[in-house]
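>>> Fold the stuff below for me.
(2 chains)
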Amino acid sequence: MKTLQYFSAAALAAGLIGSFAAQASAQNANGFKNAMQNASQARLNYNGSNVLRFDADQDLTVRNTLVSNSSLRANSVHVDDSLISNLDVDQDATVRNSVMTSSTVSLNAVDMTRARSITTDIDQDVSVRNVTARNASVAANTITVR
Amino acid sequence: MKRADKVFANWFYGTSILIIAALVAPSDSQAESARFTIIDARDGLTPDVLEAYSEAMGANAKTPLVKSRIKVLTTARHGFDVGAIELPEHVRHADLDVTLMVQQGASAPAAIDANHLSVTRRAPTKIKQTTRIQGH
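Presented below is the predicted three-dimensional model:
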């Protein structure tokens, strides 16, 4: 077990992060095979209760990643069975220098099931550059109301 | 003691108390200072890793504000499939920044499920999540 302890001082944390980054780059690994699911997700279930205001701000950055035979779901908000007076969702996804093969990718998704809101503001932004996709299904900026 | 001296003494003591109270009480910036956590998960999801991550995500938060910056070093072989973290009902604002630095490992793929919140009943009014996945 190599879990490090917590550090409340920002300067000390920054120094340790720097040392970790140097250690990681020392591995000289250019890519990796990985399966990613639910990278950033907020799931809300109020069990029928009411909420005055809810703001969700999600930001995802993926770099130098190989997604193969797997799925990547990032920046998703699920609201189930609730009444919200003001719903504000801001999602931003950026993918750079990555390869996706035989995978399912979903970026920026809002799913409202049995949910109602008086005012709804959904802002979604996706930026994909230098990405190779083979036999891959990519869905971005989806809003589902049921 | 003269009346002027009494007035001065009252002013002096009152001002001193206010100054000390201002110095002791935390300012807004201190109250919202982020918590920094670095987790080395290259050996997999051990109980200590899971405990450290859930603690950093605010699973045991005592205050209404959770502001946390989390750096996780893991490998592709182990991944980081932590799943949903349930926030306490009294948390009103969650500001979470999770960075996954993934080293090249064996060919066996492993899932990543990080920065995943599950909220029931009384939900926070604001959730801010930032996730970075970086291959090295």
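>>> So A:Ser82 versus A:Thr101, what's the distance?
To A:Thr101, A:Ser82 is 38 Å away according to C-beta to C-beta, to the nearest Å. Heads up, the C-betas are built off the backbone N, CA and C, glycines and all.
>>> A:Val131 now?
11 Å.
>>> Can you report how many residues neighbour A:Val105?
24 (other C-beta atoms under 10 Å in any protein chain shown).
>>> From chain B, how far off is it?
12 Å (C-beta to the nearest C-beta, to the nearest Å).
>>> List the contacts of that residue.
Residues near A:Val105 by C-beta atoms under 8 Å, 6 or more residues apart in numbering or on different chains: A:67, A:71-73, A:133, A:136-139.
>>> near chain B, from these?
With C-beta under 8 Å from any C-beta of the partner chain as the criterion, the contacts of A:Val105 include none near chain B.
>>> possible to save the residues you listed as CSV with pLDDT?
Below are those laid out as CSV (pLDDT from 0 to 100):
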residue, pLDDT
A:Val67, 79
A:Ser71, 83
A:Leu72, 86
A:Arg73, 88
A:Ala133, 87
A:Ala136, 88
A:Ser137, 89
A:Val138, 88
A:Ala139, 92
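>>> For B:Asp48, what is the enclosing helix or strand?
Using DSSP states H and E, the element containing B:Asp48 is helix B:47-56.
>>> And chain A, is that helix touching that?
Yes - contact of helix B:47-56 with chain A (C-beta under 8 Å from any C-beta) involves B:48-49, B:52, B:56.
>>> wait, what's in contact with residue 116?
I'll assume chain A. By C-beta under 8 Å, 6+ apart, the neighbours of A:Arg116 are A:82-84.
>>> Not quite, go with chain B.
A:38, A:40-43, B:82-85.
>>> Now for B:Ala123, how many residues are close by?
Neighbours of B:Ala123 (other C-beta under 10 Å): 25.
>>> Pull the contacting residues for the closest residue to it other than its chain neighbours.
Excluding the flanking residues, the one nearest B:Ala123 by C-beta to C-beta, 6 or more residues apart in numbering or on different chains is A:Leu44, at 5.3 Å. Neighbour list for A:Leu44: A:54, A:77-80, A:82, B:119-120, B:123 [criterion: C-beta under 8 Å, 6+ apart].
>>> can those go into TSV with extra columns for secondary structure, pLDDT and distance to A:Ala93?
Formatted as TSV, these follow (DSSP: H, G, I helix; E, B strand; the rest coil; pLDDT from 0 to 100; distance: C-beta to C-beta, whole Å):
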residue	secondary structure	pLDDT	distance to A:Ala93
A:Phe54	strand	87	20
A:Val77	strand	91	13
A:His78	strand	88	17
A:Val79	strand	86	19
A:Asp80	strand	83	22
A:Ser82	strand	80	25
B:Val119	strand	81	21
B:Thr120	strand	74	26
B:Ala123	coil	73	23
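>>> Tell me the one of those nearest B:Gln134?
Taking C-beta to C-beta as the measure, A:Val77 is the one of the contacts of A:Leu44 closest to B:Gln134, at 23.7 Å.
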